[in-house]
Each structure stands twice: as C-alpha cells, then as structure tokens.
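K.L.:
Pasting the sequence and the predicted model now:
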Amino acid sequence: MAATEASNAADEAYDVIVLGAGPTGENVADRAHAAGLSAAIVESELVGGECSYWACMPSKALLRPVTVRSEARRAPGFKDAADSPLDAPAVLGHRDAVVSYWKDDGQVRWLDSAGIDLVRGQGRLAGPRRVVVDGGRVLTARHAVAVCTGSRAVLPPIPGLAEARPWTSRDATSAKTVPGRLVVVGGGVVGVEMATAWRALGASVTLLVRGDGLLPRMEPFAGHLVAESLAEAGAFLRTGVEVREVRREAPGGPVTVLLDSGDEIVADELLIATGRAPRTEDIGLDSVGLQPGSWLDVDDSCRVKGVTGGWLYGVGDVNHRALLTHQGKYQARIAGAAISARARGVPILESDPWGAHAATADTRAVPQVVFSNPEAAAVGLSAAEAERAGYRIRVVDQDLAAVSGAYLYADGYRGRARIIVDLDREVLLGATFVGHGVAELLHSATVAVAGEVPVERLWHAVPSYPTISEVWLRLLEAYRG
Ligand SMILES: Cc1cc2nc3c(=O)[nH]c(=O)nc-3n(C[C@H](O)[C@H](O)[C@H](O)COP(=O)(O)OP(=O)(O)OC[C@H]3O[C@@H](n4cnc5c(N)ncnc54)[C@H](O)[C@@H]3O)c2cc1C
Ligand SMILES: NC(=O)c1ccc[n+]([C@@H]2O[C@H](COP(=O)([O-])OP(=O)(O)OC[C@H]3O[C@@H](n4cnc5c(N)ncnc54)[C@H](O)[C@@H]3O)[C@@H](O)[C@H]2O)c1
C-alpha cells in the first residue's frame, strides 16, 4: 500500500495503535486508555512479550532455587539438607508453570479488562499513522503509533555458527532437559545468569569471555565476585578468548567450538549471549523514511526523531536507551502521558529533567539486578562512567561482610558495596552492591540517586539493625569521616 494513500471506510481507526504487546506495549496502551484514548495493540506472538515467556520470568524461575540452596548451605542447621543436587525436573516444571506453559490467556484477559483491543498478527507501518496487519487488516491512528517490538538475540558472524543452530536466550530459558556440557559465549548479564542456572542444574559449563572479566558494564568488583563464585560452583571461565569457528557435524550431535588460541572445546549445546538487535527489520520503517533494522532514535518523551507530524513513538528495548523491563514500563508511563497531553493539545509539555514527559531516569538512575549467585545490583553511574562524564567524584567502598545484618544472613558472607558521590552537589551518582540478599537493597539506592537526596539528609535515613541495609551507615560514615 502506498505510503500516501488516504484512509478509507474499511480502515479501523483508533486514537493510539501499539505495535508489540510486551511489557512496554501493554503499558503504553494502558496509559493511553487510562487517559481516555482508544487503543489497539498488535501482537505477532504472545501477549506479554519476551519478558514473560523467554527472558525475565523463566530465567528468574530457574535462578531462584539456585539462590535459595546457596543461602541454605550457609545457614547453620540447613547445610546438610541443602547439599543434595537440585531436582532439575522439578525446577524446569516450575519454570513451565511460571511462563503459563507459553500460553497468554491470562495476559489477554488483562488486556480485555483494561479496555484495550488486541489484534493478532504481524504489524507493519504503511505510511504515516497507518498499520497493516498480516498484509490485510488496516488500522489508522488519530494521534500516535507506538513501536514496542523489542529486541532479539544477535548471532555474531562466526563461521559455522548459524549452521550449528546454537541456543539463544530463548532456548536457554525454555530448554526441557539439562545438557551434559554447555558452552556459553558472552560474559554479560544473559551469559552470567544462564551459566549460573545451568551449572546448578547439573550441566558442565564453560563460559567464554572476550574481555578480561564478567559483567563489564558494572563496577569491576561485581564481575570478580561473581566469577569467583561461578568457579567455586564448578564452572570453567576463560577470559580474553575469541571464538574463531563453530562446527556441528550432525543436528543434535556434539558441537565443537574453535578458539583463536587454537584450542577446541566440545559440548552438547552452545549458548550465544552476545547482545541484542532491534526487532525493526520488517515493520515498514522505510514507509516513513526510517532505516529498517535500526534502533529507534527517540527524544526524552520517546517520540521518534525526524518523523514529520511527530506521531511515531519508539518505547522499550527498541529505542536502545536501557534494555530492561522496568525501564520499558517507565518509558511507557512517560510516553503514554506525552501522547495524551499532545492529543489534548497541551501547549507545553513538562520536558525538563524529571518532568512528567521526560524519561530522565534512563540516563541518570537505571537500576539493574543481575540474579547471579551472589546477586549484583547497581543503579546510576559506575566510577568509570562518572569520570568519563566529567564529574568530580569520591568513591566510597565497604566490605558488606562487616555489617551485622550480613554476618547473620549467611555464614561466611562475602560482598561489597560502593557509592559514587558527586563532590560538587554532595549527592549520589551511583551505587553498587554485590552479595546475597542485595536485590531488595537496591531500591533504597535508586531512591537516593533519582531523588538526588543530599548526603547530609541521607545521614538521617537510619537503617534498621541488624539488616544488610546498615551498610548505608558504614558508607556514609566513611564518606563523612
Ligand atoms: C534471558 C533474558 C533475561 C532477562 N531478564 C530480565 C530481568 O530479570 N529484568 C529486566 O528488567 N529485564 C530483563 N531482560 C530484558 C527484558 O526481557 C526486556 O528489556 C523486555 O522484554 C523489553 O520489553 P519490550 O516490551 O520492549 O519488548 P519485548 O518484551 O521483546 O516485547 C516485544 C513484543 O513485540 C512483538 N512484536 C515484534 N514485532 C512485532 C510486529 N511486527 N507486530 C506485532 N508484534 C510484534 C513481539 O512478539 C513481542 O511480544 C532479560 C532479557 C533476556 C534476554
Ligand atoms: N537481570 C537482568 O536485568 C537482565 C538479565 C538478562 C538480560 N538483561 C538485559 O538483556 C540485554 C541483553 O543481555 P546480553 O547479556 O545478551 O547482552 P550484554 O550486552 O549485556 O552482554 C553481551 C556480552 O557479549 C560480549 N560479546 C559481544 N560479541 C561477542 C563475541 N563475538 N564473542 C564474545 N563475546 C561477545 C560483549 O562484549 C558483552 O560483554 C542486556 O542489555 C540486559 O540489560 C537483563
């Protein structure tokens, strides 16, 4: 259909059309509907998206028993009981239940109850404000189209890799049996979490990392502590290696991974966890003057730059601002508010930093928990990022094991905490915690960073005794001297 073709009587008109019913798309549609706009959401697979079926939910279902067992092993009275291997079929069965057996009835019911129309099929832009579903049904948007099509795993151009049919994150989160030997390529979040889970479920795991450590986007001590614990769990970690070639002679047979060093590793499965690409190659971006396959370049209200009329939004993974479910949902709340304000003709949007229509946290206060064993949790800038950005900073470190709450939490507790203080404003730019039980500690730091709470006021935020949160006190004492 020509990009300029006018809408006709058979077209279905909505105020807002959302492409992709992942966590982000669901929330854009919900916010639009809550503001009194009509909304349709187009989904080609399962309502709930990657997060619900092949990412956050199944991966955390696999990892939770790993953490529980590890903590139980450090609790007097439990050690022996927790020494036996994990019951892999039970863990995999629980994972299947957590993802509702890859059926989306529950999420569809939620869409119904929220008053959002679901259109099943592959959506493509066909010119301004127009979406064609599966090449037939035509939807038109009075105010906005929000592209929330997410991301998929990338396969690097390694000879023989595609032919070897490696696991991607989808296979690693949905596999029905435990491979005997698993090679994982990539030391980022997916690589670390999946190496942790499958090692604990009984696989012999070799983790191949190109750089010099794990979790390179976090403070270096996070990667060190997680690597130490993976090694103690029996995983093999090889840093500074590059995969040169991959061979699988027969489908389902063993796979051989050849390294630059000349070494060969033979395994039953190979997981490639080397990052993501946007799902924008076949959504008609060319019909509105954009490059198919590109990340969507958006402003702080998540409106795509350079599109005449300003009706196109890119929200969630697809804009590459922060590839996390909670940030996608946050962006959805901001974009939903901006769409409805613009639809009402509000003359000036609240687009200053931290305004209602600016996803400011995306650049200042992104929290992330890596559900490794131990957990690694961080928000805001690392020391290296703060220095690169030109801040005058002081880095304050504390041994988490020295806190009474940690001492009681687990025998032989190991962990570390760091805050980054902006010396000019005396507020926190970032914080990192590594150790058992720190996932739930992170939000305190997120409030401090996003709230730009002055250090002198944080001094009055008294942590309960004896909790791991008491590390806040130690950090502030060390800073104030
Ligand atoms: C293994 C793994 C674990 C993760 N764990 C976490 C975690 O613990 N915490 C966290 O915050 N983040 C986690 N993430 C990241 C998280 O999954 C993503 O940030 C999140 O799913 C992004 O949401 P989204 O709605 O933008 O995209 P998606 O969840 O990818 O949803 C996009 C939807 O769009 C649909 N779609 C695509 N193209 C079309 C089209 N043309 N027409 C119609 N529909 C279309 C897709 O079918 C999909 O349903 C993890 C990622 C991976 C890979
Ligand atoms: N708990 C969580 O919050 C969670 C869990 C999983 C994934 N995620 C999100 O999903 C996204 C994707 O995760 P990911 O781990 O795939 O990506 P990533 O970008 O975090 O890590 C990919 C790693 O692979 C390395 N790499 C790239 N090409 C390579 C190659 N050819 N050979 C070897 N190594 C190579 C990169 O240097 C990088 O360290 C992340 O942005 C993350 O935020 C979040």
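P.N.:
Okay, I see it. Residues are numbered from 1 along each chain as shown. Ligands and ions are numbered 1, 2, ... in the order given.

K.L.:
Any stretches of the protein with poor pLDDT?
P.N.:
Flagging of the chain using pLDDT under 70 yields the residue ranges 1-10.

K.L.:
For ligand 2, what's the nearest residue on it?
P.N.:
Closest approach between the chain and ligand 2, counting by C-beta to the nearest ligand atom: G188, at 1.9 Å. To be clear about C-beta, it is placed using only N, CA and C from the backbone, and glycine gets the same treatment.

K.L.:
Name the residues of the chain found near ligand 1, please.
P.N.:
Contacts of the chain with ligand 1, taken as C-beta under 6 Å from any ligand atom, map to 19-25, 42-45, 49-51, 55-56, 59-60, 122-123, 148-151, 169, 173, 190, 279, 283, 316-317, 323-326, 328.

K.L.:
Take those residues and, keeping just the buried ones, write it as a PyMOL select command.
P.N.:
Below is the selection syntax for PyMOL that covers the buried ones among these, with 16 or more other C-beta atoms under 10 Å defining burial:
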select buried, resi 19+20+21+22+23+24+25+42+43+44+45+49+50+51+55+56+59+60+122+123+148+149+150+151+169+173+190+279+283+316+317+323+324+325+326+328
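
K.L.:
Can you identify the element that follows the longest strand anywhere in the chain toward the C-terminus?
P.N.:
What stands out as the longest strand in the chain, according to DSSP state E, is strand 137-147. Moving toward the C-terminus from strand 137-147, the next helix or strand (DSSP states H and E) is strand 151-153.

K.L.:
Note down every partner strand of that next one and its orientation.
P.N.:
For strand 151-153, the paired strands and their directions (DSSP bridges) are strand 276-278 (antiparallel).

K.L.:
For the helix or strand following the partner strand, give me every contacting residue.
P.N.:
Toward the C-terminus, strand 276-278 is succeeded by strand 312-314 as the next helix or strand (DSSP H and E). By C-beta atoms under 8 Å, 6 or more residues apart in numbering, the list of residues contacting strand 312-314 from outside reads 28, 125, 144-148, 288, 296-298, 301-304, 335, 339.

K.L.:
ok, 6 Å please
P.N.:
Where contact means C-beta atoms under 6 Å, 6 or more residues apart in numbering, the residues beyond strand 312-314 that reach it are 144-147, 296, 298, 302-304, 335.

K.L.:
The helix or strand following it and ligand 2, any residue contact?
P.N.:
For strand 312-314, the following helix or strand on the C-terminal side (DSSP H and E) is helix 325-343. No. Applying C-beta under 6 Å from any ligand atom, one finds that helix 325-343 is not in contact with ligand 2, the shortest distance being 7.8 Å.

K.L.:
Does anything pack onto helix 325-343? Which helices or strands?
P.N.:
Using 3 or more C-beta pairs under 6 Å, 6 or more residues apart in numbering; DSSP states H and E, the elements in contact with helix 325-343 are helix 23-34.

K.L.:
can we see that at 8 Å?
P.N.:
Counting contacts by 3 or more C-beta pairs under 8 Å, 6 or more residues apart in numbering; DSSP states H and E, helix 325-343 is packed against helix 23-34, strand 137-147, helix 361-364.
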